[in-house]
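Participant: no sequence on this one, just coordinates:
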């Protein structure tokens, strides 16, 4: 009997939370008095790919040496993912203060690079965006078309 | 209408509800679901093995996210650990998933894998905050609540002398939970597209194919330029995604087969054009839309060696 009651409680709770998530998915309105952390997992199971952009963007990482020369550091060394997964992960959307995270990432990369003998004086993280191309992801990645937005730069102490 | 006429109907409804959600039936279908889900998750996590240090340890770019529901005195659980500690935890996770797949201490294995999936989610996976990571976690929870180790498992081998024998009927509860969640996922994903601004034209598909997820095949297709057929394709996606979850439940006139075929084509196209292969597990998971009795009868007829009689414990 206890198992039957628990099962039914589980089913009804699950259905209720899923319906709350469906209401939010379809109307972008939350069911009153139901806290978001209860809904978030259920909402996220039904809400991928909602929008698109006409620009591509990537968080680029650069190291600067003593001569002031900037060298691109491949992200895959520190973020072992495909381009899409990296693009989403590096947004740090779980955190309000993203810049603090970017500064910490820059610090860790600087230390790791210099431990390998790169001799960087600073590491910079910057979002770069450019219009999408029908031929290639980097098809329109040209000096004229790229917009740069520095998020963090960490200097060697 | 008086209350005396309502009560029997309510009772009838409650019985039908309970029968639909929890009746006992053959364990074969859930045995297969366990192997598919367990095997898929084992693969999904195992390919991360070479990068565990970078992904989840203090040597990587690891920034845990503390869930708001977590009491402060328990938050140490999500402290980032040293690489060797993380590797041990990760190996336990893989072993639990392997044990789940082969049906060895099935429920315990599923429970361990569920807890560790939760752990790794908040340690490192939360950055990706994807639908499928959450689906995977709930799948493990459903397997914890199931008796999916009753057949096609080491447990069945130990109990009945043959992994293809089985002892008792199991509750359909977990199968229904899988089916319900898959239905709701498609419903939400599909119906929101009817009025999401981004989904009102073929541009959604075109620009997605030339974005971060685009495969070489996608770029090959887009290299021919914009075409109004993208509008048609987006409308077909919307139509499929809205109709698929409903069709799964309609047994009449092969409608569910049409839905599953559409789903198959849809997911294959997604996998060919976008690097988002993680939803492909939904294709074999469609089996949960068949009843356990149907599945048992099918196996008994076409592969009788996979549906031996009940064994003695």
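Facilitator: Good, I have the coordinates. The structure presented is a predicted model; accordingly, all values stated were derived computationally and were not measured. Numbering: from 1, shown residues only, chains lettered A, B, ... in the order given.
Participant: count of neighbours near residue A:30?
Facilitator: 15 (other CB atoms under 10 Å in any protein chain shown). Placement of C-beta: from N, CA and C, glycine included.
Participant: try residue A:72
Facilitator: Neighbours of residue A:72 (other CB under 10 Å): 9.
Participant: Figure out the helix or strand that it lives in.
Facilitator: Here residue A:72 sits within strand A:70-73, counting by DSSP states H and E.
Participant: tell me, which helix in chain A spans the most residues?
Facilitator: helix A:2-27 (DSSP state H).
Participant: Give me the helices and strands touching that one, please.
Facilitator: If contacts are counted by 3 or more CB pairs under 8 Å, 6 or more residues apart in numbering or on different chains; DSSP states H and E, helix A:2-27 sits against helix A:36-44, helix B:3-22, helix B:173-192.
Participant: can you tell me the average pLDDT over the last one?
Facilitator: Computed over helix B:173-192, the mean pLDDT rounds to 93.
Participant: same question, the first one
Facilitator: In this model, helix A:36-44 has an average pLDDT of 86.
Participant: And for the second one?
Facilitator: Averaging pLDDT along helix B:3-22 gives 89.
Participant: touching chain A at all, it?
Facilitator: Yes - part of helix B:3-22 sits near chain A under the criterion CB under 8 Å from any CB of the partner chain, namely B:18, B:21-22.
Participant: Please apply the same query to the last one.
Facilitator: Yes - if you take CB under 8 Å from any CB as the test, helix B:173-192 does meet chain A, through B:173, B:177, B:180-181, B:184-185, B:187-189, B:191-192.
Participant: State the next helix or strand along the chain beyond that helix.
Facilitator: helix B:203-209.
Participant: Would you mind pulling the contact partners of that next one?
Facilitator: Helix B:203-209 is contacted from outside by A:49, A:51-54, A:132, B:198, B:214, B:218-219, B:221-222, B:226, B:230, B:233-234, B:237, B:273-274, using CB atoms under 8 Å, 6 or more residues apart in numbering or on different chains.
Participant: Give the ChimeraX command for selecting the buried subset of those residues.
Facilitator: Remark: buried members of these, expressed as a ChimeraX selection using 16 or more other CB atoms under 10 Å in any protein chain shown:
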select /A:49,52,132 /B:198,214,218,219,221,222,230,233,234,237,273,274
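Participant: Which residue ranges of chain A form strands?
Facilitator: A:55-65, A:70-73, A:120-131, A:147-155 (DSSP state E).
Participant: Need those in CSV (columns: distance to residue B:249 and mean pLDDT).
Facilitator: Listed next are these as CSV, based on distance: least, CB to CB, whole Å; pLDDT from 0 to 100:
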stretch, distance to residue B:249, mean pLDDT
strand A:55-65, 40, 96
strand A:70-73, 52, 96
strand A:120-131, 44, 96
strand A:147-155, 48, 96
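Participant: sorry, back to before: most neighbours of all the residues of helix B:3-22 next to chain A, which one?
Facilitator: Neighbour-wise, those (other CB under 10 Å) top out at residue B:21, 20 neighbours.
Participant: The helices and strands packed on helix A:2-27: which one's closest to residue B:299?
Facilitator: Closest of the helices and strands packed on helix A:2-27 to residue B:299 is helix B:173-192, at 15.2 Å (criterion: CB to CB).
Participant: Tell me which other helices or strands that closest one touches.
Facilitator: Packed next to helix B:173-192, using 3+ CB pairs under 8 Å, 6+ apart, are helix A:2-27, helix B:3-22, helix B:28-46, helix B:131-144, helix B:229-247, helix B:282-285.
Participant: buried stuff in the fifth one?
Facilitator: If I follow you right, that is helix B:229-247. Buried, per 16+ other CB under 10 Å, within helix B:229-247: B:230-231, B:233-234, B:237-238, B:240-245, B:247.
Participant: Then the last one?
Facilitator: For helix B:282-285, a neighbour-count test (16+ other CB under 10 Å) marks B:282-283, B:285 as buried.
Participant: And for stretch B:62-72?
Facilitator: B:62-65.
Participant: just stretch B:47-64 next, same as before
Facilitator: Applying 16+ other CB under 10 Å to stretch B:47-64 flags B:48, B:52-57, B:60-64 as buried.
Participant: What's the mean pLDDT across the host helix or strand of residue B:99?
Facilitator: If you go by DSSP H and E, residue B:99 is part of helix B:83-102. When pLDDT is averaged along helix B:83-102, the result is 97.
Participant: What is the following helix or strand past it packed up against?
Facilitator: Remark: after helix B:83-102, the chain's next helix or strand is helix B:106-123, criterion DSSP H and E. Other elements packing on helix B:106-123 under the criterion 3+ CB pairs under 8 Å, 6+ apart are helix B:28-46, helix B:83-102, helix B:131-144.
Participant: and the shortest one, what other elements does it pack with?
Facilitator: The one in question is helix B:131-144. helix A:36-44, helix B:28-46, helix B:106-123, helix B:173-192.
Participant: a markdown table please, covering the ones you listed and showing mean neighbour count and distance to residue A:110.
Facilitator: As requested, the helices and strands packed on helix B:131-144 are exported to a markdown table (neighbours: other CB atoms under 10 Å in any protein chain shown; distance: least, CB to CB, whole Å):
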| stretch | mean neighbour count | distance to residue A:110 |
| --- | --- | --- |
| helix A:36-44 | 17 | 34 |
| helix B:28-46 | 22 | 31 |
| helix B:106-123 | 21 | 24 |
| helix B:173-192 | 22 | 41 |
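Participant: For residue B:5, find the nearest of those.
Facilitator: helix B:173-192 (29.7 Å).
Participant: angle of that closest one against helix B:28-46?
Facilitator: 60 degrees (axes from the mean of the first three to the mean of the last three CA atoms, to 10 degrees).
Participant: What residues does the nearest residue to residue A:11 once chain neighbours are set aside make contact with?
Facilitator: Nearest residue to residue A:11 in three dimensions, chain neighbours excluded: residue B:21, at 5.6 Å (CB to CB, 6 or more residues apart in numbering or on different chains). Residues near residue B:21 by CB under 8 Å, 6+ apart: A:7-8, A:11, B:172-173, B:176.
Participant: again, 10 Å this time
Facilitator: A:7-8, A:10-12, A:15, B:171-173, B:175-177, B:180 (CB atoms under 10 Å, 6 or more residues apart in numbering or on different chains).
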